[in-house]
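J.: predicted structure and sequence below. I'll ask about it afterward.
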Amino acid sequence: MKLQQMLSVVRKAVDEFQMIETGDRIAAGVSGGKDSLAMLAALRELQRFYPHSYSLEAVTVDLGFPNVDFSMIEEFCQKLQVPFTKVDTTIGEIIFDSRKEKNPCSLCAKMRKGALNQAAKELNCNKIAYAHHKDDVVETMLLSLIFEGRFHTFSPVTYWDRMKLTLIRPMIFMDEADIIGFQNKYQLPAAKSPCPADGHTKREYAKELLKGLNRDYAGTKQRMFTAVLNGGLKGWNIRQESRRPSASE
């Protein structure tokens, strides 16, 4: 996928859910994976011509795992001319050594979110960008159906009143396969997650389940995503229909 195609899809989400306003300071959560690096590249390029001017900061939360090199992320940010901040934490040690969590993902996500939120406030940002894509939307919906018994997924835009921060997800119309194509074309310096639980979670189960369903019944993922769009879920019913076609149309 070319950068211009990705920009078209990202702008579609930004426009339809009114994610960016003039004067916003956006902290982009950059883990070092392909999704967050692609999002950062897209937001940086969008910044050049978007009618609502905004500033951009890249923030990486270091979970404290040993022998993790963040220099390639920093160099990528320098290339994009985006300020880079690394937040040092001991989240990995707390979860896996001290608490020895059997199901670490929920606590880890809360602690990472807290560290990222605090960094965003210190950088005077009013918005945070997460790189969740279309596959993540549908996988979360499947997890909610299977393990919680409800039709639910995360929202494109979420306002946290206590922190006075707004979370945006500008990649929600993007297929993961297209992000992989973008990564390969532009040789993004993506790194494998150092987390010991990576690949052994309920999220991975949902990912494999979705792949199987989509393989056996072509178009399943898109139909499920359409169900989310039209299902009246909180945060999904504020779309401003855009006449700009996406790259997949």
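T.: Thanks, I have the structure now.
J.: what's the span of stretch 79-98, first residue to last?
T.: 38 Å (C-alpha to C-alpha, to the nearest Å).
J.: which elements pack onto the helix or strand containing T60?
T.: Assigned by DSSP states H and E, T60 belongs to strand 54-62. Other elements packing on strand 54-62 under the criterion 3 or more C-beta pairs under 8 Å, 6 or more residues apart in numbering; DSSP states H and E are strand 24-29, helix 34-47, helix 71-80, strand 84-88, helix 105-122. Glycine gets a C-beta too; all of them are placed from N, C-alpha and C.
J.: do you know how far the residue of the chain positioned farthest from its centre is from G114?
T.: Going by C-alpha atoms, centre = their mean, the residue of the chain most distant from its centre is S98, 28.3 Å out. Distance from S98 to G114, counting by C-beta to C-beta, to the nearest Å: 17 Å.
J.: for D216, find the nearest of the helices and strands packed on strand 54-62.
T.: Proximity to D216, assessed across these by C-beta to C-beta, is greatest for helix 34-47 (25.6 Å).
J.: from the chain's centre, how far out does the closest one sit?
T.: Distance of helix 34-47 from the chain centroid (C-alpha atoms, centre = their mean, to the nearest Å) equals 10 Å.
J.: and that helix, what other elements does it pack with?
T.: Checking 3+ C-beta pairs under 8 Å, 6+ apart, helix 34-47 ends up next to helix 3-16, strand 24-29, strand 54-62, helix 71-80, helix 176-186.
J.: so who does the most centrally placed residue in the chain touch?
T.: Residue closest to the average C-alpha location in the chain (C-alpha atoms, centre = their mean): A131, at 1.6 Å. For A131, the contacting residues are A28, G29, S31, G33, D35, S36, A38, M39, R169, M171, by C-beta atoms under 8 Å, 6 or more residues apart in numbering.
J.: how close does the residue lying closest to the third one once chain neighbours are set aside sit to T226?
T.: Ranked by C-beta to C-beta, 6 or more residues apart in numbering and with sequence neighbours excluded, the top spatial neighbour of S31 is T60, at 6.9 Å. Computed with C-beta to C-beta, the distance linking T60 and T226 is 34 Å.
J.: which one's more surrounded, the two?
T.: A direct count of neighbours by other C-beta atoms under 10 Å for T60 and T226 places T60 higher, at 22 against 11.
J.: how close does that one sit to Q183?
T.: Distance of T60 to Q183, computed by C-beta to C-beta: 17 Å.
J.: brilliant, that's me finished.
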